[in-house]
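K.L.:
I'd like to go over a predicted model; first the sequence, then the structure.
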Amino acid sequence: MMKFGTGLLMTATGNNLMKWLKLSWLVIALAGVQLISTTAAKAQSKEEGAEDEGEVVTTLTPANKNAEFDKNAKYTFEVKNGTNTLQEGKVSYTVSTALGKVFHRDSLKVKIAKKSTEKYNFEVPGDGPGFYKVTFMINVTEYDDSTRRVFGVHPEKIEAKRDKPKDFDAFWENVKFELAKVKPKFKVTPMPKLDKDNRHVYLFEMQSLDDMTIRGWLTVPITKNPNKKFSVLLGLPGYQVALQPMMGTDDDLAIITLNVRGQGNSRGKVDTRRDEFIFYRVDNKNKYVMRGVIADCLRGIDFIFSRDDLKHDQILVSGGSMGGFLSLATAGLDKRVRLCSAQNPIFCDIRGLVGTVTWPINDIKKYVRTQPGLSLDKVLDNLDYYDAKNFAANITCSTIMGIGLLDPFAPPANEYAAFNNLKGEKRMMVFKDLGHEISTAYKNLEGRWMRDTFALF
């Protein structure tokens, strides 16, 4: 049995899990999130840590598997001297804030005899709840190297400095009101030439906010039972990713891949260059592209409810990067979502991104400089209405998140600012050595969690 929050998560059968694994690789690829498999990561680690004859090899190991601590971080720095020479010098480290300000450093003189191994334990201070960058360096007779990592201190206590706008909920209620006035005009077209893996493929289109035509793909298992209903995976897209029909061997699951406006086969009027999409009309919160993008996701839920062959009470929204952000936004605005899975979601605690990441902040700054009278402060005021942490505060369904501590676009402190706002059952899966990516361990969890929640045994 696996615990998830306060509830119990039963393990799915091996056969069903393998079905989900085959699907999960596609989900991650199409969502725009990189993937390193558990097996490959272990093989890479083994290769890096191998005792090569005549070389010095270092290994840095945190005392906590997630590199998250209650106070000071504890690390073991192991040095394997495979040479025939005594290695003398020092091992040192520096620790800095997320903004790169160094606030502590220390060093230790070392001697590693030939063909021997030494281990050195370090206690690295943090500076209250948050995440910190630590760089370990070794400088000895025949070897110089550095290892960069990130560790957290009481991440469960991380809070954003800015509350959501007082009219945040009213703003989005008005968006939903406007969306409801647009007749969806759902149209579903069979695509028999694309059928495979015992699945029918359908192209669907619908009208969304601003009377924009939005398209996506639906794949449904082929069955002889005309009354069979399917649970639903709604896959939301990564940044500028054109989603295609998603296959899979799970006979209980219908899969929808949605191309929001400006992406894939829903480009339409929003036909920007790749780098421009993120700041398209960001100078006006009522016209910003993400307002329509999120409305497209809500209309996707409407599409599910328009079909009698789909289970309306068994909807999982899932995505990575921008898709992770959209999953949180959709679950926060639409209580019809049963489960939410967000991997490396962008736009978490947006104000906290300034000075800590290059994308998307630098692209937004470049746009601001081209617009007379527009300031970054004004843009940030608008983006407060699109901050994932503010949507998270309204999510009541079960939610899982996966993050990499070395993520250059979605830093861990920002991710936790959103995660800590979640009110329902939740679980965070941390990958201490990964960047803007997750591993198969996360998708394994997601598959078991979905099948157990939806009773798909």
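P.N.:
Received the coordinates, thanks. Numbers count the residues shown, from 1 in each chain.
K.L.:
all strands for the stretch 351-457 of the chain, in order.
P.N.:
398-404, 426-431, 437-439 (DSSP state E, counting those that start in this stretch).
K.L.:
give me whichever of those strands is most buried.
P.N.:
strand 398-404 (a mean of 27; mean count of other C-beta atoms under 10 Å). (C-beta placed from N, C-alpha, C; glycine too.)
K.L.:
tell me which strands it pairs with, and in which orientation.
P.N.:
strand 339-343 (parallel), strand 426-431 (parallel) (DSSP bridges).
K.L.:
just so I have it, where are all the strands in the stretch 201-350 of the chain?
P.N.:
212-221, 230-235, 253-259, 310-320, 339-343.
K.L.:
so which of those gets nearest residue 77?
P.N.:
strand 339-343 (30.7 Å; C-beta to C-beta).
K.L.:
what's the weakest-modelled helix or strand in this protein?
P.N.:
Least confident helix or strand, the chain: strand 7-9 with a mean of 30, by mean pLDDT, DSSP states H and E.
K.L.:
circling back to that earlier point, rebuild the strands of the stretch 201-350 of the chain as TSV, extending it with mean pLDDT.
P.N.:
Listed next are the strands of the stretch 201-350 of the chain as TSV, based on pLDDT from 0 to 100:
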stretch	mean pLDDT
strand 212-221	98
strand 230-235	98
strand 253-259	98
strand 310-320	98
strand 339-343	98
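K.L.:
got JSON lines for those strands, with mean neighbour count too?
P.N.:
Shown next, in JSON lines, are the strands of the stretch 201-350 of the chain (neighbours: other C-beta atoms under 10 Å):
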{"stretch": "strand 212-221", "mean neighbour count": "22"}
{"stretch": "strand 230-235", "mean neighbour count": "24"}
{"stretch": "strand 253-259", "mean neighbour count": "26"}
{"stretch": "strand 310-320", "mean neighbour count": "23"}
{"stretch": "strand 339-343", "mean neighbour count": "29"}
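K.L.:
now tabulate those strands in JSON lines and tack on distance to residue 144.
P.N.:
Listed next are the strands of the stretch 201-350 of the chain as JSON lines, based on distance: least, C-beta to C-beta, whole Å:
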{"stretch": "strand 212-221", "distance to residue 144": "52"}
{"stretch": "strand 230-235", "distance to residue 144": "46"}
{"stretch": "strand 253-259", "distance to residue 144": "48"}
{"stretch": "strand 310-320", "distance to residue 144": "36"}
{"stretch": "strand 339-343", "distance to residue 144": "36"}
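K.L.:
which of those strands sits closest to residue 182?
P.N.:
Closest to residue 182 of these, according to C-beta to C-beta: strand 212-221, at 8.8 Å.
K.L.:
dump that closest one to CSV, restricted to CA.
P.N.:
In CSV, the C-alpha atoms belonging to strand 212-221 read as follows (Å, rounded to 0.1, in the frame of the first residue of the first chain):
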residue,chain,number,x,y,z
MET,A,212,-11.9,31.5,-31.6
THR,A,213,-11.8,28.1,-33.2
ILE,A,214,-10.0,25.6,-31.0
ARG,A,215,-9.0,22.1,-32.1
GLY,A,216,-7.7,19.0,-30.5
TRP,A,217,-7.6,15.2,-30.7
LEU,A,218,-9.7,12.5,-29.1
THR,A,219,-8.7,8.8,-29.1
VAL,A,220,-11.1,6.2,-27.8
PRO,A,221,-10.5,2.4,-27.3
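K.L.:
would you map the helices across the protein?
P.N.:
14-31, 38-48, 168-180, 289-305, 322-333, 361-369, 376-383, 388-392, 412-419, 440-453 (DSSP state H).
K.L.:
confidence score at residue 27?
P.N.:
Residue 27 is assigned 46 on the pLDDT scale.
K.L.:
and what of the one 10 residues further on?
P.N.:
In this prediction, residue 37 carries a pLDDT score of 35.
K.L.:
sorry, back to before: for residue 270, which of the strands of the stretch 201-350 of the chain is the nearest?
P.N.:
strand 212-221 (7.7 Å).
K.L.:
quick check: residue 120 vs residue 232, distance?
P.N.:
Distance of residue 120 to residue 232, given as C-beta to C-beta, to the nearest Å: 52 Å.
K.L.:
to clarify, my last question referred to residue 290.
P.N.:
From residue 290 to residue 232 the distance is 23 Å (C-beta to C-beta).
K.L.:
among the strands of the stretch 201-350 of the chain, which comes closest to residue 160?
P.N.:
Using C-beta to C-beta, the nearest of those to residue 160 is strand 339-343, at 16.5 Å.
K.L.:
any idea how far the closest one is from the middle of the chain?
P.N.:
Taking C-alpha atoms, centre = their mean, to the nearest Å, one finds the center of strand 339-343 at 8 Å from the center of the full chain.
K.L.:
same check on stretch 319-332?
P.N.:
8 Å.
K.L.:
mind saving the C-alpha coords of it as CSV?
P.N.:
The C-alpha trace of stretch 319-332 is given here as CSV (Å, rounded to 0.1, in the frame of the first residue of the first chain):
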residue,chain,number,x,y,z
GLY,A,319,0.7,18.6,-18.4
GLY,A,320,4.2,19.8,-18.1
SER,A,321,5.8,23.2,-18.1
MET,A,322,3.1,25.5,-19.6
GLY,A,323,0.9,22.4,-19.5
GLY,A,324,1.5,22.1,-15.8
PHE,A,325,0.5,25.7,-15.3
LEU,A,326,-2.6,25.2,-17.4
SER,A,327,-3.5,22.1,-15.3
LEU,A,328,-3.4,24.1,-12.1
ALA,A,329,-5.4,26.9,-13.7
THR,A,330,-8.1,24.6,-15.1
ALA,A,331,-8.4,22.7,-11.8
GLY,A,332,-8.6,26.0,-9.9
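K.L.:
one step back: how about the strands paired with strand 398-404 in a markdown table, adding distance to residue 193?
P.N.:
Formatted as a markdown table, the strands paired with strand 398-404 follow (distance: least, C-beta to C-beta, whole Å):
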| stretch | distance to residue 193 |
| --- | --- |
| strand 339-343 | 31 |
| strand 426-431 | 39 |
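K.L.:
re earlier: TSV please, covering the helices of the chain and showing mean neighbour count and distance to residue 264.
P.N.:
Conversion of the helices of the chain to TSV gives the following (neighbours: other C-beta atoms under 10 Å; distance: least, C-beta to C-beta, whole Å):
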stretch	mean neighbour count	distance to residue 264
helix 14-31	18	10
helix 38-48	11	29
helix 168-180	15	20
helix 289-305	23	11
helix 322-333	30	12
helix 361-369	15	21
helix 376-383	17	24
helix 388-392	28	22
helix 412-419	28	26
helix 440-453	21	22
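K.L.:
any chance of TSV for the ones you listed, columns distance to residue 90?
P.N.:
Output for these, formatted as TSV (distance: least, C-beta to C-beta, whole Å):
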stretch	distance to residue 90
helix 14-31	42
helix 38-48	22
helix 168-180	52
helix 289-305	49
helix 322-333	41
helix 361-369	36
helix 376-383	42
helix 388-392	42
helix 412-419	29
helix 440-453	36
